[in-house]
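*Asks:* Provided below are the primary sequence and the corresponding predicted coordinates.
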Amino acid sequence: MIFAHYAPLVLRRFKKWSIEAEPEHKYKPAVEIIRESEIESVLESTKERASDVKCVRDILQKARENAFLTQNTANDSEPMSEFIQGLNLQETATLLNIPTGSKMTKQSESLLNELYETAFEIKQRIYGNRIVLFAPLYLANYCVNQCTYCSFRSSNKLQCRSALSQNQLIAEVKALQELGHRRLLLVAGESPKYSFDQVLSAITLTASISSPPCGRIRRINVEIPSLSVSDFRRLKQTNSVGTYTLFQETYHRETFRKVHVSGPKSDYDHRLLTMDRAQIGGIDDVGIGALFGLADYRFEVLAMLQHALHLESTYRAGPHTISIPRIQPAVGAPDSVGGGPNPVSDQDFKKLVAVIRLSVPYTGMILSTREAPSMRNELLHLGVSQMSAGSKTTINSYSGGNQEEMENEDKRVRDGSQDEWVSDYGQFSLQDNRSVDEIVYELMKDGFVPSWCTACYRKGRTGEKFMKIAKRGNIHNYCHPNGLLTLQEYLMDYATPNTKELGEQVLEKEKNTITSQSAKNVYAKKLKRIQQGEHDLYF
């Protein structure tokens, strides 16, 4: 069975998860992409500007004008780059330096509130009140890397190692479908015990699984180890993958060295150039991120901006999403304690989320269940556009499988002369354990529209094409009605009575926000067809 075999001997011997068959490609040096001295200089030089009310307000106004495209009225055949519409390094650094905590004054508190208001205004203008929902699905937790903040690190003897069998994967996907999920993020560690070939097989199998009444998963994203150009081509050939996601974890080189003790992941330059290889290999829909709490959060945000601008200038395709995970406790991971080596306070976390929204207004921002419900609710008003719901970070956890039925039976570790039972711990601790239905209900109660829409990706409305829609102000005539149609599906097929009742009120109200009469008419027809039993209808 394809999920039960180990990787070939050569991979076990050299611990190579992805082998490059196209070594001829040349890349810009990593030190020219992430320019640490420039970041440190701009952080220092903008400290005074951050307390200048006029300066900060001018930056906020520029962010509004850029995001709303009021100064960019070039003809639609030449849409402006989405990353030209944001803020530059100096402007971003200025906002990041707005004082918080013990250094905060009434003036800086007022500026922070204005920053938050601007971020939400921009988010609503571009994305509307839709919040896209998804769930992670862990395929395996084997890993050869030694990351000091992660429970999956190779030396963690407290972690039970396992991988989904084919039958277990089918059960997991069906369980997620029965919760209403239509978008999944497949996750795997880096180890020859769960090879890239097995990941490809898992993607193909996941795409084929269908459960009544709503059918198949409509978008599969992946968060898997760094790949070679040749393997990115293989990933592309599945025709089933939406976004490839990989976090640099920390862009600060010295911190990166300290927290990545050994393993293939400890190569800073190779990891940073992963998205370059993705672009060359045909994967132009990528997601980046930093794990906040490892290094100075201000440095991380500016480095992510440098990374995004590099991808845009080199390949005309910057990251489609930016993730904002913050360190949470993980069993057997010393640097996960206390928020990490450089803990990020709630106030600074909210600030950095708002700043990212202003700096890259047309990039989706993803929030995981690492954050508690109260914090997640606050961040929804600061620019977040996607969030996970009902997440699990352990293997075989959605379908209620028994850990003893894992295909890997090595559940004991030797400690001296005694045996110790180990447990299947998640990659990190979750702070939001609400069910999908609870999250859907709370979102609607708070004025948001839960969405499982995948139409833009399936219709090719990404990048420059998305910009054309945004420039015309037509976002409410595409994404919004599509989101409402997916909400109608959820209400009919999966919602509890209370959620269904509230959802019907939301649908009645939100149909009036569709600005085009023709779009409104088409929406009404498609909605009726869904109410009569059809599924997967979109603009």
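*Replies:* Thanks, I have it.

*Asks:* make it CA atoms for all contacts and neighbour counts henceforth
*Replies:* OK.

*Asks:* what helix or strand does residue 144 sit in?
*Replies:* For residue 144, there is no enclosing helix or strand under DSSP states H and E.

*Asks:* what residues are up against it?
*Replies:* Contacts for residue 144 (C-alpha atoms under 8 Å, 6 or more residues apart in numbering) come out as 15, 153-154, 190-191, 263-264.

*Asks:* distance check, it against residue 198.
*Replies:* 17 Å (C-alpha to C-alpha, to the nearest Å).

*Asks:* show me where the stretch 401-539 of the chain has strands.
*Replies:* 412-415, 418-421, 449-451 (DSSP state E, counting those that start in this stretch).

*Asks:* and if you look at the chain?
*Replies:* 130-140, 183-188, 210-211, 215-216, 219-223, 241-245, 286-289, 321-323, 364-367, 386-388, 412-415, 418-421, 449-451 (DSSP state E).

*Asks:* can I get those in TSV with mean neighbour count?
*Replies:* Listed next are the strands of the chain as TSV, based on neighbours: other C-alpha atoms under 10 Å:
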stretch	mean neighbour count
strand 130-140	24
strand 183-188	22
strand 210-211	14
strand 215-216	18
strand 219-223	21
strand 241-245	24
strand 286-289	23
strand 321-323	23
strand 364-367	22
strand 386-388	21
strand 412-415	12
strand 418-421	11
strand 449-451	25
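
*Asks:* flag whichever of those strands has the least confidence on average.
*Replies:* Here the lowest mean pLDDT among those goes to strand 412-415, at a mean of 29.

*Asks:* columns distance to residue 481 on top of the strands of the chain, output as CSV?
*Replies:* Listed next are these as CSV, based on distance: least, C-alpha to C-alpha, whole Å:
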stretch, distance to residue 481
strand 130-140, 10
strand 183-188, 18
strand 210-211, 24
strand 215-216, 20
strand 219-223, 18
strand 241-245, 21
strand 286-289, 25
strand 321-323, 22
strand 364-367, 18
strand 386-388, 17
strand 412-415, 52
strand 418-421, 51
strand 449-451, 10
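
*Asks:* and of those strands, who's closest to residue 31?
*Replies:* strand 286-289 (17.8 Å; C-alpha to C-alpha).

*Asks:* just the CA coordinates for that closest one, please, in PDB.
*Replies:* Taking Å, rounded to 0.1, in the frame of the first residue of the first chain, the C-alpha atoms of strand 286-289 are listed here in PDB:
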ATOM      1  CA  VAL A 286       2.700  30.800  -2.500                       C
ATOM      2  CA  GLY A 287       2.300  31.700   1.100                       C
ATOM      3  CA  ILE A 288       5.000  33.000   3.500                       C
ATOM      4  CA  GLY A 289       5.200  33.800   7.200                       C
END
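
*Asks:* helices along the stretch 151-300 of the chain, start to end?
*Replies:* 166-178, 196-208, 229-237, 253-259, 268-272, 274-280, 297-315 (DSSP state H, counting those that start in this stretch).

*Asks:* against which helices or strands is the first one packed?
*Replies:* Using 3 or more C-alpha pairs under 8 Å, 6 or more residues apart in numbering; DSSP states H and E, the elements in contact with helix 166-178 are strand 130-140, helix 196-208, strand 210-211.

*Asks:* residue 495 is nearest to which of the strands of the chain?
*Replies:* strand 449-451 (12.1 Å).

*Asks:* what is the least confident helix or strand in this structure?
*Replies:* Lowest mean confidence among the helices and strands of the chain (mean pLDDT, DSSP states H and E): strand 412-415, at a mean of 29.

*Asks:* neighbours of residue 508, how many?
*Replies:* By other C-alpha atoms under 10 Å, 10 other residues sit near residue 508.

*Asks:* measure it to residue 249 for me?
*Replies:* Residue 508 sits 43 Å away from residue 249, going by C-alpha to C-alpha.

*Asks:* that older thread, in CSV, list the helices of the stretch 151-300 of the chain along with mean neighbour count and distance to residue 324.
*Replies:* Formatted as CSV, the helices of the stretch 151-300 of the chain follow (neighbours: other C-alpha atoms under 10 Å; distance: least, C-alpha to C-alpha, whole Å):
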stretch, mean neighbour count, distance to residue 324
helix 166-178, 20, 24
helix 196-208, 18, 25
helix 229-237, 20, 24
helix 253-259, 16, 17
helix 268-272, 18, 17
helix 274-280, 22, 18
helix 297-315, 20, 10
